[in-house]
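# Based on what follows, work out the 3D shape:
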Amino acid sequence: MKHKHLVFFSVVFILAVLLPVCMPVTCADPSVMIDSYELYPEVLMPGDSAVLTLTIKNAEITATHTISSTSGGTTTTTVKTIGAIIDNIWISPAQSGGNQIKATSNYANVGRLAPGASFDIGLKLVVDENMSEGLYFPIVCIDVESYEDVRFPVQVKVSNDSVYLLSTDVPSTISVSGSTEITLSAVNARDSPVDGVEISPKDVDGIEFTPESIFIGTLGAHASQDVSFSVKPSGTGLKNLSFEVDYKNGDNVHNDIVVMPMEIIETLDVAPVLYSVPSTIEKGKSIRISLEVFNAKTESITGVIVTPITDATIIPSQYFIGAMDPDDVFSASFDLYADDIDYGNYTVEFKVSFKQGNNYYETPVVSSSFKVVAAEQSSGDGSLSVTIGITAAVVIVALILFFVFKKRRNAK
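Next comes the predicted model:
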């Protein structure tokens, strides 16, 4: 019994001496966390790569902790800095049907992260070519020495939506003469903006495009923008016009191509139309010829001039119209004189010249025939005079017979 009391007091003495050694006055542990993250680009396409930027923080705000211990009447105080030693940062892939969203590298032996401190780190993510559309959650893993590890899922959206071209105003048939303006729309069907948007026509035999390409730049999510090209054919026939839109989703280059069939035909989209041309003209007199010039093009034209071609004298020798907008119609009149030409049949022709862009064009001529005749043949005035003369003679003869008959009757 005596020995039992001795053992008890011995244990109490040891605990009284040793417990202060392990008793902290203040104590804290580091808490590593993902404070924020950013994915660029925000929405990926199959085959894309992206940069995942992580902000990693030690959320513990106490910089040190102090431990005090007493031994033999002496108190010892120990102050230690609180820090987290990060051994490795890596990504656990997201998977779907054998395809992955994975990181191309990891960061090993990152080092100590002090309390309240943070740092940014970038990891490259790659989406497999055949990855299906959807939301995926690859997991950011942070291995922390002696403390709790971090496992943090990040959201990655994969979408097949793209930037494409629509034929906003592209006629199926155009004239071989001059050039025709066509309009396309670049449409961003994605949930995020794209950069470096550029539209370029592909080479087509017998077709000249102006300009060679159009740079749009940034196109917002679900936004569109119209672009116009001038199409100048050099021959007729069916052509397949191809236009390519190139764009960047982040640093990933993509493109889309649209093909539009177009028939090039011989037709007058700028031409004079005769609407008042007399068929005869009296020798030594003049007639008025009236016409209209129309612009059926989709573009404005300038320097429009109507030129008559004939053996007779015609005034003016040229009619200057100037600029004409699309679908404009302009009237012009000419006086044709038959002073210096002989009797007979003649032709008067008209052509229109104009400028479109830096190029000059001439339309095929339109023509009409007229006949120079003598004055008595040119109208019905002579016949009318003869008719009046005969009628007057008949009336006079009738009056004479009437008076003669009346006189004889009175004589009886």
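# What values do phi and psi take at Ile341?
When read as degrees, to the nearest 10, the backbone of Ile341 gives phi -120, psi 150.
# What residues does it make contact with?
Asp311, Ala312, Val372 (CB atoms under 8 Å, 6 or more residues apart in numbering). Just so you know, the C-beta spots here come from the backbone N, C-alpha and C atoms, and that holds for glycine as well.
# could you flag which of those are buried?
Among the contacts of Ile341, the ones that count as buried by 16 or more other CB atoms under 10 Å are Ala312, Val372.
# Could you point out which of the contacts of Ile341 is nearest to Ser279?
Set against Ser279, the nearest of the contacts of Ile341 by CB to CB is Val372 (11.0 Å).
# confidence score at that closest one?
Note for Val372: predicted pLDDT of 92.
# Then Val144?
In this model, Val144 carries a pLDDT of 91.
# so where does the nearest residue to Tyr343 once chain neighbours are set aside fall, helix or strand?
Nearest residue to Tyr343, sequence neighbours excluded (CB to CB, 6 or more residues apart in numbering): Val372, at 5.1 Å. According to DSSP states H and E, Val372 maps onto strand 366-373.
# Quick check: neighbours of that strand in the sheet, parallel or antiparallel?
strand 280-282 (parallel), strand 344-356 (antiparallel) (DSSP bridges).
# So for the longest one, what gets flagged as buried?
What that stands for is strand 344-356. Tyr346, Val348, Phe350, Lys351, Val352, Phe354, Gln356.
# Serialize the contacts of Ile341 to TSV and add fields for distance to Phe209.
Output for these, formatted as TSV (distance: CB to CB, whole Å):
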residue	distance to Phe209
Asp311	44
Ala312	45
Val372	51
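# next helix or strand past whichever strand or helix holds Ile142?
Using DSSP H and E, Ile142 sits within strand 139-144. Reading on from strand 139-144 to the C-terminus, the next helix or strand found by DSSP H and E is strand 150-153.
# Pull out the buried positions in that next one.
Val150.
# What are the contacting residues of that strand?
Val32, Met33, Ile34, Ser92, Phe137, Pro138, Ile139, Val140, Cys141, Ile142, Val144.
# Just checking: what are the partner strands of that strand?
strand 139-144 (antiparallel).
# which other residues reach the strand it pairs with?
30, 32, 34, 37, 52, 54, 56, 84-92, 94, 123, 149-154.
# before we move on, what about stretch 219-228?
Against stretch 219-228 from outside (CB under 8 Å, 6+ apart): 163, 166, 168, 181-194, 197, 199, 214, 216, 247.
# Recalculate using a threshold of 6 Å.
For stretch 219-228, the external contacting residues (CB atoms under 6 Å, 6 or more residues apart in numbering) are 168, 181, 183-188, 190-194, 197, 199, 214, 216.
# Just the buried positions in that stretch, please.
Leu219, Ala223, Ser224, Gln225, Val227.
# What of stretch 304-318?
Those would be Val304, Ile305, Val306, Thr307, Pro308, Thr310, Ala312, Ile314, for stretch 304-318 by 16+ other CB under 10 Å.
# And stretch 165-185, by the same measure?
165, 167, 170, 174-182, 184.
# mind saving the C-alpha coords of the helix or strand hosting Thr302 as CSV?
Using DSSP H and E, Thr302 sits in strand 301-309. Taking only C-alpha atoms (Å, rounded to 0.1, in the frame of the first residue of the first chain), the coordinates of strand 301-309 have been written out as CSV:
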residue,chain,number,x,y,z
ILE,A,301,-22.2,54.8,-110.3
THR,A,302,-20.6,58.1,-111.3
GLY,A,303,-19.6,60.0,-114.4
VAL,A,304,-22.7,58.8,-116.3
ILE,A,305,-22.8,60.1,-119.9
VAL,A,306,-25.3,59.4,-122.7
THR,A,307,-23.8,59.6,-126.2
PRO,A,308,-25.9,59.5,-129.4
ILE,A,309,-24.5,58.1,-132.6
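# if we can go back for a sec, for the contacts of Ile341, which one is nearest Thr236?
Asp311 (33.7 Å).
# re earlier: which two of the contacts of strand 150-153 have the greatest separation?
Phe137 and Val144 (21.3 Å).
# dump the residue contacts of Lys355.
Here Lys355 is in contact with Thr302, Gly303 (criterion: CB under 6 Å, 6+ apart).
# Let me know the pLDDT of it.
87.
# and if you look at the one 10 residues further on?
Val365 carries a pLDDT value of 85.
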